[in-house]
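Colleague: I'll drop the sequence and a predicted model, then ask my questions.
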Amino acid sequence: MGTPEFAVPSLKALVESGDEVVALVAQPDKPKGRGLKPSPPPTKVIAEEYGVPVLQPPGIRTEAFLLELAALNPDLICVAAYGKILPKAVLVLPRFGCLNVHASLLPKYRGAAPVNWAIARGEAVTGITIMQMDKGMDTGDILLTREIPIDYDDTGETLTEKLSLAGAELLLQAIAGLKKGYLRPLKQDEAAATYAPMLKKEDGRVDWSKPAGEIRNQIRGMLPWPGAYTFSNGKMLKIYKAEVSEGEGEPGEVLAAGQGILRVMTGEGALDIFELQMEGGKRLDAKAFLSGRKIEPGAVLGI
């Protein structure tokens, strides 16, 4: 059970492991592009290439879907970013239960957006957890974990890719351990739990009163969506790449606008913006952006 790109390596690993993958369960196709043509999720595309049957129920709590799933008689259900909480009727169906590939070191960063929040909150390390699912949100017993360092330039996109590959490898190890009976489930420490809620558009808005380092982490963590953004004369300005710098001024004040750099003061230090996009425009490096738009030192961003 999985829907986005993150789940693709796990699906591939399962199919190529030699075990029989009786079906993929994914979210329904979603309209995309100007014509709003239904677009299949990444896992469905791969499943069809491998000849794996695909189920895309609009809801997983209906009697019709539960009967369809039960008819497959699965020994194990593997879940990677499926996108919905599984009901008890699904959790108890397979004899080996349901395994979840979660992109954090549980109990830290339970929830829908663990990769993005780990970067945005300045973590140096994250990882993958293979967990035996229960009725809670990422609260089940831990079977295996693997630490993955967060590199200085990692974004939500690059780190998601690394974790998806590590997750596929660890999932196969967990399945081998289940077959041989040597895995010992470990209870999570509830006192150490932290949360990574689903991202909202507002999570991308830059607060210039925060330190430059925190804003840089936010810019990296909010990619690919919602993206970090501010405002310039009432127009949205998206920020894709920046580095911590130095300067003096008020938070949000433009200190320099030239030589390929847009330097903005923060609550602590300054931020040199190297890649950005004005509302209605293209994503550009700072040199190309500033050659076409006049932003003067002294202007204030955020309004």
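Modeller: In hand now; what should we look at? Residues are numbered from 1 along each chain as shown.

Colleague: can I get the CA coordinates of stretch 97-114 in PDB?
Modeller: Coordinates of the C-alpha atoms in stretch 97-114 are reproduced here as PDB (Å, rounded to 0.1, in the frame of the first residue of the first chain):
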ATOM      1  CA  GLY A  97       0.400  -8.000  10.200                       C
ATOM      2  CA  CYS A  98       1.200  -4.700   8.500                       C
ATOM      3  CA  LEU A  99       4.600  -3.200   8.200                       C
ATOM      4  CA  ASN A 100       5.100   0.500   7.800                       C
ATOM      5  CA  VAL A 101       8.200   2.200   6.200                       C
ATOM      6  CA  HIS A 102       8.400   5.500   8.100                       C
ATOM      7  CA  ALA A 103      10.800   8.200   7.200                       C
ATOM      8  CA  SER A 104      12.100   9.100  10.700                       C
ATOM      9  CA  LEU A 105      13.700   7.500  13.700                       C
ATOM     10  CA  LEU A 106      10.500   6.900  15.700                       C
ATOM     11  CA  PRO A 107       9.200   8.000  18.100                       C
ATOM     12  CA  LYS A 108      10.600  11.300  16.700                       C
ATOM     13  CA  TYR A 109       8.600  12.900  13.900                       C
ATOM     14  CA  ARG A 110       5.400  10.800  13.900                       C
ATOM     15  CA  GLY A 111       3.000  12.000  11.300                       C
ATOM     16  CA  ALA A 112       2.600  13.000   7.600                       C
ATOM     17  CA  ALA A 113       5.700  15.100   6.900                       C
ATOM     18  CA  PRO A 114       8.600  13.800   8.800                       C
END
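
Colleague: what mean pLDDT does it have?
Modeller: What stretch 97-114 shows for mean pLDDT is 98.

Colleague: go on, stretch 20-28?
Modeller: Stretch 20-28 shows a mean pLDDT of 98.

Colleague: what about the strands in the stretch 151-300 of the chain?
Modeller: Applying DSSP state E, counting those that start in this stretch to the stretch 151-300 of the chain gives strands spanning 228-232, 235-245, 254-258, 261-265, 270-278, 284-285.

Colleague: surely residue 68 is in a strand?
Modeller: No. Judged by DSSP: H, G, I helix; E, B strand; the rest coil, residue 68 forms no part of a strand; its state is helix.

Colleague: run through the residues that contact the residue nearest to residue 185 when sequence neighbours are not counted.
Modeller: Nearest in space to residue 185, with sequence neighbours left out and distances taken as Cβ to Cβ, 6 or more residues apart in numbering, is residue 141 at 3.5 Å. C-beta: built from backbone N, CA, C; applies to glycine. Going by Cβ atoms under 8 Å, 6 or more residues apart in numbering, residue 141 touches 131-132, 134, 185-188.

Colleague: that older thread, deepest of the strands of the stretch 151-300 of the chain, which one?
Modeller: Neighbour counts (mean count of other Cβ atoms under 10 Å) averaged over each of the strands of the stretch 151-300 of the chain peak at strand 261-265, with a mean of 25.

Colleague: so what does that strand touch, helix or strand wise?
Modeller: Applying 3 or more Cβ pairs under 8 Å, 6 or more residues apart in numbering; DSSP states H and E, we find strand 261-265 packed against strand 254-258, strand 270-278, helix 286-292.

Colleague: quick one: average confidence on that strand?
Modeller: Mean per-residue pLDDT for strand 261-265: 96.

Colleague: try stretch 159-177
Modeller: Rounded mean pLDDT across stretch 159-177 is 98.
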